[in-house]
Every structure is written in structure tokens, then in C-alpha cells.
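Fold the following.
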Amino acid sequence: MISGKFAITVHILSLLSKHPEDFLSSEYLAGSMNINPVLVRKEIANLKKHSIVESREGKYGGTRLLKPAKEITLKDIFCMTFETVHLGYAKNDPNPACPVGKNINQNLETLYTDINKNISGQLEKISLLEFTKDF
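Residues are numbered from 1 along each chain as shown. Now for the predicted structure:
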């Protein structure tokens, strides 16, 4: 399913890439996106799990990148947030006697596989540094 996780994560990493030496607070990051800091902290936890960022607590705490932005691709970010895009299937089992019903899920699966190959191929070509160069 499509969600805003990818956009939130790209936004977080874009901000961090612009301040590579600084620890940015979740409140600062959330303020840029105009969202609740809890949502930011949730995505930061995922980024920490993938060793992309480090965090520290306290008055001067926050989060910063562990890797240079040029070494992080948008595909890396996509895989950390989704792995694949699924636009969904019918909630009920389609009628196997129907010429469409008996093949719809197989055809959708083939379509989704192709979409994911295309997305991964496109995102692999773009580094976080390249994505943020115009900001």
C-alpha cells in the first residue's frame, strides 16, 4: 500500500544531509514537515535500525547521518520504508469461472513486479546528495 513513509524519510534525510555535522532534533525535523515529532521519531528508529543515522539524547541531542549523502540512494530509502509497492487486490476471492476473475490476481502480481523493478531501477540512479542539490 502507498503511504507517506517514503516522503517523510526522504524529507528527514534531506534535512540531515544539509547539516551533516549537526544533531537535529525531532522537533526541528517535524517542524519542517509540519507533522507530529512522534512520526519523525518512528522513522528515525527505522533509519537507526538500518545504520543510516545516529542519535544522542539530552539538551544538545538529535539525529545526524552516519553515511555521506552521496552513498545513500533513493532506492536504499525506498527499500527501508517499503521494499515493494502493492496497490492492492480484491478483498473477496474472484470467481474462478470468470475469465477475468480467474486471472486477475496473477496479472496484478505481474504488474506489481514490473512496477517495482522500474521504481528500483529509477531510484537506484539517484543519490540523496543529488536529490538535495537544488535545496
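
Run through the strands of the chain in chain order.
Remark: strands assigned in the chain by DSSP state E are 53-56, 62-65.

if we compare those, which one ends up closest to Leu87?
strand 53-56 (29.8 Å; Cβ to Cβ). Where you see a C-beta, it was placed from the backbone N, CA and C, and this is true even at glycine.

If you count neighbours, what's buried in the closest one?
Within strand 53-56, the residues scored as buried using 16 or more other Cβ atoms under 10 Å are Val53, Ser55.

Run me through the strand neighbours of that strand, direction for each.
Here strand 53-56 is paired, per DSSP bridges, with strand 62-65 (antiparallel).

With just CA atoms, put the strand it pairs with into PDB.
Coordinates of each C-alpha in strand 62-65 appear next as PDB, following Å, rounded to 0.1, in the frame of the first residue of the first chain:
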ATOM      1  CA  GLY A  62      19.200  14.900  18.000                       C
ATOM      2  CA  THR A  63      20.000  12.800  14.900                       C
ATOM      3  CA  ARG A  64      22.600  13.000  12.200                       C
ATOM      4  CA  LEU A  65      23.700  11.000   9.200                       C
END
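
Run through who's touching it.
Residues from elsewhere that reach strand 62-65 (Cβ atoms under 8 Å, 6 or more residues apart in numbering): 12-13, 16-17, 19-26, 28-29, 44, 47, 52-56, 72.

Next, the distance between the ends of stretch 9-29.
For stretch 9-29, the separation between the terminal residues is 10 Å (Cα to Cα, to the nearest Å).

Please report how far the residue of the chain most remote from its centre lies from Asn103.
When distances to the mean C-alpha position of the chain are computed (Cα atoms, centre = their mean), the maximum falls on Ala97, with 39.6 Å. Distance, Ala97 to Asn103, by Cβ to Cβ, to the nearest Å: 12 Å.
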